[in-house]
Each structure stands twice: as C-alpha cells, then as structure tokens.
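# Fold the following and give me the result.
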Amino acid sequence: MTQRKLAPQTLAILRHLNNVGSISNVEAQALYKCRALPRRIADLKDTLGSGAIVRALKRDATGQRYARYSITDHGRNAVADFALHA
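Just a heads-up that it's a prediction; the model follows:
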C-alpha cells in the first residue's frame with residue numbers, strides 16, 4: 001500500500017481508533033469537532049480497506065441507538081503505512 005496523506009480530522013480519528021480501539025459519533029464530536037463521523041469512517045475504509053473498521057449498533061442507558069466504530073486487526077496492520085505520531 002502506498003502512503004497517502006489523510007485530512008487532519010480523518011487522521012485524528014485514525015489515531016483515536018489506533019490508540020483507544022473504538023469511537024462513537026458523540027465522542028468524535030466532543031473530542032475532534034467531527035460532525036460527520038460516518039463520512040470520515042468511509043474515508044478510512046477507502047484508504048485502509050473495507051475490513052479495517054467495523055460498525056456495531058448499540059443502545060445507551062435511555063434506549064437511544066448509536067453506532068460504535070472499531071478498528072480490526074486488519075486495520076491495525078494497515079495503519080503502519082501512516083505517520084500517526086506526527
């Protein structure tokens with residue numbers, strides 16, 4: 001895989017996934033001011049491969065549904081092509 005430059009917000013989401021393992025839309029909005037997490041995830045899937053990130057539908061304590069995105073082992077292996085510490 002050739003090294004590609006990611007947009008700053010997309011790179012921040014990738015760093016979070018690599019360090020923490022998962023992220024929800026609320027977390028992305030609060031931590032990175034990301035208002036379009038599904039779009040950033042799609043960008044990452046285009047870059048890393050479709051199996052790199054998976055979505056799990058969850059329910060919070062009030063019964064509200066939300067999506068939590070997690071990085072897979074395939075995704076962690078593909079992340080090596082990016083300078084995440086810059």
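# so after the host helix or strand of Asn19, what's the next helix or strand?
Using DSSP states H and E, Asn19 sits within helix 8-20. For helix 8-20, the following helix or strand on the C-terminal side (DSSP H and E) is strand 22-24.
# re earlier: averaged pLDDT, the helix holding Asn19. What do you get?
Per-region confidence: helix 8-20 scores 94 on mean pLDDT.
# what do you get for stretch 63-78?
pLDDT averaged over stretch 63-78 gives 93.
# Give me the contacts around it.
1, 17-18, 21-26, 37-38, 41, 44, 47-49, 51-60, 79 (C-beta atoms under 8 Å, 6 or more residues apart in numbering). (Glycine included, C-beta is placed from N, CA and C.)
# Mind listing what's buried along it?
Arg68, Tyr69, Ile71, Gly75, Ala78 (16 or more other C-beta atoms under 10 Å).
# and if you look at stretch 33-48?
Neighbour counts over stretch 33-48 (16+ other C-beta under 10 Å) mark Cys34, Leu37, Arg40, Ile41, Asp43, Leu44, Lys45, Thr47, Leu48 as buried.
# burial count for Gly51?
For Gly51, the neighbour count with other C-beta atoms under 10 Å is 12.
# Model confidence score at it, please.
Value listed for Gly51 in the pLDDT field: 92.
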